[in-house]
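Q: Provided below are the primary sequence and the corresponding predicted coordinates.
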Amino acid sequence: MSAKVLLVDDETEFLEAMAERLVMRGMTVATAESVYEALQMVATETFDAVVMDFMMPDMDGIKALKALKKINPELHVFMLTGYATVEKKKEALQFGAAALFEKPANLELLTKIIKRVHSQNRNQ
Amino acid sequence: MQSVEDTIGVAGLRFFGKMSASISHEIKNVLAIINENAGLLKDYTLMVEKGLELNPHQVGAKADKITAQVARADAIIKKMNLFAHSIDQDRQKTDLNATLKLMIALAERLAAIKSIKLELSAVSESVSITTAPFILENLIWLCLEFALDQMEEESVLKLGCAKTEKGALIRFEQPGQFSGELAAGFPDDAAASLASALQADLLADTESGELVITLPDEMQ
């Protein structure tokens, strides 16, 4: 069974390209263009990880992170942001983000971490 | 009379910084899309090296997406350039429809974060006045910020302008009403100071939920 990832971003073309690249790296990928949609998906499906843009139009990053973690406290949430300042990183980690990546993200590193999370989930 | 530099002050620098930061975020998003599509092209070449067949239409589609994003980035940079040059002259003949169009383009991402859409009202006439463009943009932004704070999500804020007997007016129309208490806080010191520099009047109409800037034909 492959790692299952939910990608959340309001930029459709970013979602499509990144989803295709993650699929090529052996993952099962679902996408959501709003936090609202993502929350519904996380409530009904199991994901190894969520990769979400920090600045979504319908909810700010920290609120979205808290909402996701409320549904599933064990969920690994990776946040993407235009500018990963020390303060933003600190805040995201404080509220339970697994990591904060600056856009454009290092896909190979992200893939490696998600696969590690998947492997840990399988062994639990 | 205060110089334009004195009027702009710290609040003007904050406005310039906020717009620049927003533009840089837009460009970062475009770069991220270009990066992922370029990455995909690289992934395709790796597939070919492994003996898999490459679909030329798929490659062409990715190249088209990159070209479209470069055009998007170019439009963003042009908008930034126009905004940056608005500070060049203390006073100049200014097309208000063009100014509103620029301000909508600059602020639409910030409004979208609050799930609010910005629209330019139907343009029925050309409206030009002699004013300080950067100070006017700053005042429009403060009005936008005030209106956005009062509005409900999923609503539309319309911006429009019209000629008046002695100049022109800019109107911000939102679907709801401003409470009297909120309208009493408008304009704040920063907006009042900019309006004074522009020899403009500001009005928050609690009944119609409109904000109106009335501007003279020629700022002295």
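A: Done, it's in.
Q: Going along the chain, name the helices of chain A.
A: Under the criterion DSSP state H, chain A contains helices at A:12-24, A:35-44, A:61-71, A:86-94, A:107-123.
Q: how far does the longest one sit from the chain's center?
A: What that stands for is helix A:107-123. 12 Å (Cα atoms, centre = their mean, to the nearest Å).
Q: And the contacts of it?
A: Identification of contacts with helix A:107-123 by Cβ atoms under 8 Å, 6 or more residues apart in numbering or on different chains yields A:1-5, A:18, A:21-22, A:25-27, A:48-49, A:51, A:76, A:78, A:98-99, A:101, B:36, B:39. Any C-beta I mention is one placed from the backbone N, CA and C, and that applies to glycine too.
Q: Buried among those? Make that a ChimeraX selection.
A: Buried residues within the contacts of helix A:107-123, by 16 or more other Cβ atoms under 10 Å in any protein chain shown, are selected in ChimeraX with:
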select /A:3,4,5,18,21,22,25,27,48,49,51,76,78,98,99,101 /B:36,39
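Q: quick one on the thing from earlier: any chance of TSV for the helices of chain A, columns distance to B:Ala122?
A: Shown next, in TSV, are these (distance: least, Cβ to Cβ, whole Å):
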stretch	distance to B:Ala122
helix A:12-24	29
helix A:35-44	32
helix A:61-71	36
helix A:86-94	41
helix A:107-123	45
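Q: Phi, psi for A:Phe54 please.
A: For A:Phe54, the backbone dihedrals are phi -70, psi -30 (criterion: degrees, to the nearest 10).
Q: what do you get for A:Asp58?
A: phi -90, psi -10.
Q: picking that back up, from the helices of chain A, which stretch is densest packed?
A: For the helices of chain A, average neighbour numbers computed from mean count of other Cβ atoms under 10 Å in any protein chain shown are highest in helix A:12-24, which has a mean of 19.
Q: Would you mind listing what in chain B touches chain A?
A: B:24-25, B:28-29, B:31-33, B:35-37, B:39-40, B:43, B:47, B:62, B:65, B:69, B:112-113, B:115 (Cβ under 8 Å from any Cβ of the partner chain).
Q: Of those residues, just the buried ones, PyMOL syntax please.
A: Entered in PyMOL, the line below selects the buried ones among these, by 16+ other Cβ under 10 Å:
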select buried, chain B and resi 25+29+32+33+35+36+37+39+40+62+65+69+112+113
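Q: Just confirm B:Ile34 contacts B:Arg72, I think it does.
A: No: if you go by Cβ atoms under 8 Å, B:Ile34 and B:Arg72 don't touch, sitting 9.6 Å apart.
Q: Looking at the two, which one has more neighbours?
A: B:Ile34 (22 against 17; other Cβ atoms under 10 Å in any protein chain shown).
Q: Show residues contacting whichever strand or helix holds B:Ala98.
A: Using DSSP states H and E, B:Ala98 falls within helix B:96-113. For helix B:96-113, contacts defined as Cβ under 8 Å, 6+ apart pick out A:55, A:57, A:60, B:18-19, B:22-23, B:25-26, B:79, B:82-83, B:86, B:117-120, B:123, B:126-129, B:133, B:136-137, B:140-141, B:144, B:148, B:157, B:159-161, B:168, B:170.
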